Structures are given as structure tokens and as C-alpha cells.
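Colleague: following is a predicted model, sequence given first.
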Amino acid sequence: MKIICIYNNYPITNKDFPTVEYPLFYLKPDTSILTNNRPFFIPEFSKDTHCQLEWVVRIGKLGKYVDEKFASTYFQEWAVGVNIFDKFMQAKCIQQGLPWEQGTAFENSAVISPFFSLETVSDFRSLELKLIKNNQEVFTANTSAMIYSIEQLISYVSKYFTLKIGDLLFTGSPIPAISLAINDVLEVYVNDNPYMNFRIK
């Protein structure tokens, strides 16, 4: 399985990368996954560890060149994810026109809650996401602000990669990244319900 991360799905853009008029994405390997509220250990090489909170969907069937009007049949489960990366290394690679997986695809850099059926939420297109760091709210956003819908993303990505059962789609984040340090405690909420709580080590 693979993890597909959308880079530019909210109006706020990253000043380190030029604006593009289509979904920009990158991949993480399955070794990036961290679950069950286990602690995240900052890698020795990381000089500037940051994170973003994202809504995640799990692909439910095989698909290639998926038509947008049928894309809703390709996902039935959702989660919330904390996408961790080294901001210094990522920005350096981007500025030099190089691939940036060194800064984004390392071990345990995709922290994911348990998955739930779409039926557990009244409207997945309008979910309130909240990140609390050390008892202070540092992030709040709503999935209604997405530029590209889940169906549009699935259709677009499937032009380049065959989607397999179990693939994960991180749908992007609307705000600049949040810095992380050893002993930080992160709590994640969706519609004011707790979904994750883990420590940075």
C-alpha cells in the first residue's frame, strides 16, 4: 500500500513552493505509518520538525483512471492524520528543484487514528478538525474549505497511479505547519470528539 499526500488543497499556500493550478501530491511508504497513540521519536537528522493535521480516507477498491462521477464508491472509511516532516530539509529540496521525500517520507511520519465508516459522521464534507499542543489549541479548520473534493482527488491521482485497496489519501492541510519538540503532547479532535493523543520524544 502507499500513502498519497495532497500538498495544495486549501486556499492558504506554502510560500516555499510556486502556485500550481492542479492537485500536487507526493508519496510516503507504508513504513511511515504510526498508530495506536504510540509516541513519535524525532529523527536524529531532523533539524526542524513540523506537523500538519489532515483528514484521511482509505481506498476501498482497485481503480485506474477513475471517473469523478464514480469516485465516491472508492472510499467508505475515514481517519484523521498528523503529517510530520522536516521543514528545513523539505524547503531546501524544493528550493533546489529536488525531490523532497528525505524530508517527508521518513519512519513513522504519518500518524493515523483508527478508521471509521463514513456513516459515523453526518457530513464528511464539513468536519471540524482541531489540534491541541501542550493543552493549547494550535490548529482549527474545516474540511469544507478544500479546493478539490475527495472525488476530484481520487479521479486525478488515479490517472498517475493505480489505486489499490488500503491505499491512504491524506487530503491536505489549510494552515502553515506547527513546530514540534521533544516532550510535546498532541491531541487531535474531530467535531470536538477526541481521536488521538500522543507524545513527541
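Modeller: Structure received.
Colleague: who is the residue most central in space within the chain paired with across the strands?
Modeller: By C-alpha atoms, centre = their mean, the mean C-alpha position of the chain lies nearest to Phe170, the distance being 3.5 Å. Beta bridges link Phe170 to Cys5, Val56, judged by DSSP bridges.
Colleague: begin at 580 from now on, thanks
Modeller: All set: I'll call the first residue 580, so the last point we hit is now Phe749.
Colleague: what about it, distance to Lys607?
Modeller: Per C-beta to C-beta, to the nearest Å, Phe749 is found 8 Å from Lys607. C-beta coordinates here come from the backbone N, C-alpha and C atoms, glycine included.
Colleague: what is in contact with these two at once?
Modeller: The contact sets of Phe749 and Lys607 overlap at 582, 584, 689 (C-beta atoms under 8 Å, 6 or more residues apart in numbering).
Colleague: for the nearest residue to Glu730 once chain neighbours are set aside, helix, strand, or coil?
Modeller: Leaving out its chain neighbours, the residue that sits closest to Glu730 by C-beta to C-beta, 6 or more residues apart in numbering is Ala650, at 3.8 Å. Under the three-state scheme (DSSP: H, G, I helix; E, B strand; the rest coil), Ala650 adopts helix.
Colleague: give the contact list for Ala650.
Modeller: 729-731, 733-734 are the contacts of Ala650 under C-beta under 8 Å, 6+ apart.
Colleague: quick revisit: quick check: ChimeraX command selecting the buried ones in the shared contacts of Phe749 and Lys607.
Modeller: To isolate the buried ones among these in ChimeraX, judged by 16 or more other C-beta atoms under 10 Å, type:
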select :582,584,689
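Colleague: same list (the shared contacts of Phe749 and Lys607) but as TSV, adding pLDDT and distance to Leu765.
Modeller: Compiled in TSV, the shared contacts of Phe749 and Lys607 are given as follows (pLDDT from 0 to 100; distance: C-beta to C-beta, whole Å):
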residue	pLDDT	distance to Leu765
Ile582	98	19
Cys584	96	18
Ala689	98	14
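Colleague: nearest to Lys780, of the shared contacts of Phe749 and Lys607?
Modeller: Set against Lys780, the nearest of the shared contacts of Phe749 and Lys607 by C-beta to C-beta is Ala689 (17.0 Å).
Colleague: what sits against the closest one?
Modeller: Applying C-beta under 8 Å, 6+ apart, the residues contacting Ala689 are 582, 607, 611-613, 660-663, 747, 749.
Colleague: let's go with 7 Å and repeat that
Modeller: Contacts for Ala689 were tallied using C-beta atoms under 7 Å, 6 or more residues apart in numbering; they are 582, 607, 611-613, 660, 662.
Colleague: distance of the residue nearest to the centre of the chain from Asn615?
Modeller: Using C-beta to C-beta, we find Phe749 at a distance of 18 Å from Asn615.
Colleague: swap in Val736?
Modeller: Distance, Val736 to Asn615, using C-beta to C-beta: 27 Å.
Colleague: okay then, goodbye and thanks.
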